[in-house]
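Chemist: This is a predicted model, with the sequence first.
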Amino acid sequence: MKVRVDPDACVGHGRCYVLAPDLFGEDENGHCVIEREAVPPGLEDAARTAVDNCPEGALALIDASA
């Protein structure tokens, strides 16, 4: 599983990096930065929670083989 961010959709609510700080960070404007594109074992639930809680729908999970 991998995570992706649409930088044009992200407005910097920060829920992603609060809910999954091992996967997401923030840039100087508070917008999402992917720290780990490939979700390591044990962080799948955190990745799903962050994606599900993005109010702008700027995050997505994709199959690692894609």
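Modeler: Now that the structure is in, tell me what you want to look at. None of the values given here were measured: they were computed from a predicted structure.
Chemist: what about this structure, any weak spots by pLDDT?
Modeler: For the chain, the stretches with pLDDT under 70 are 66.
Chemist: Report the contact partners of the residue nearest to A47 when sequence neighbours are not counted.
Modeler: Take A47 and drop its neighbours on the chain: the residue closest to it by C-beta to C-beta, 6 or more residues apart in numbering is V39, 4.7 Å away. No exception for glycine: its C-beta is placed from N, CA and C like everyone else's. Residues counted as contacts of V39 (C-beta atoms under 8 Å, 6 or more residues apart in numbering) are M1, K2, V3, L23, A47, L61.
Chemist: before we move on, what about V5?
Modeler: Applying C-beta under 8 Å, 6+ apart, we find V5 in contact with C16, F24, C32, V33, I34, A58, L59, A60.
Chemist: Please, where are all the strands along the chain?
Modeler: Secondary structure of the chain, counting by DSSP state E: strands at 2-5, 24-26, 32-34, 59-62.
Chemist: Out of these, which is closest to N53?
Modeler: Proximity to N53 (C-beta to C-beta) singles out strand 59-62 among these, at 8.8 Å.
Chemist: List the buried residues of the closest one.
Modeler: Of all the residues in strand 59-62, those buried under the rule 16 or more other C-beta atoms under 10 Å are L59, L61.
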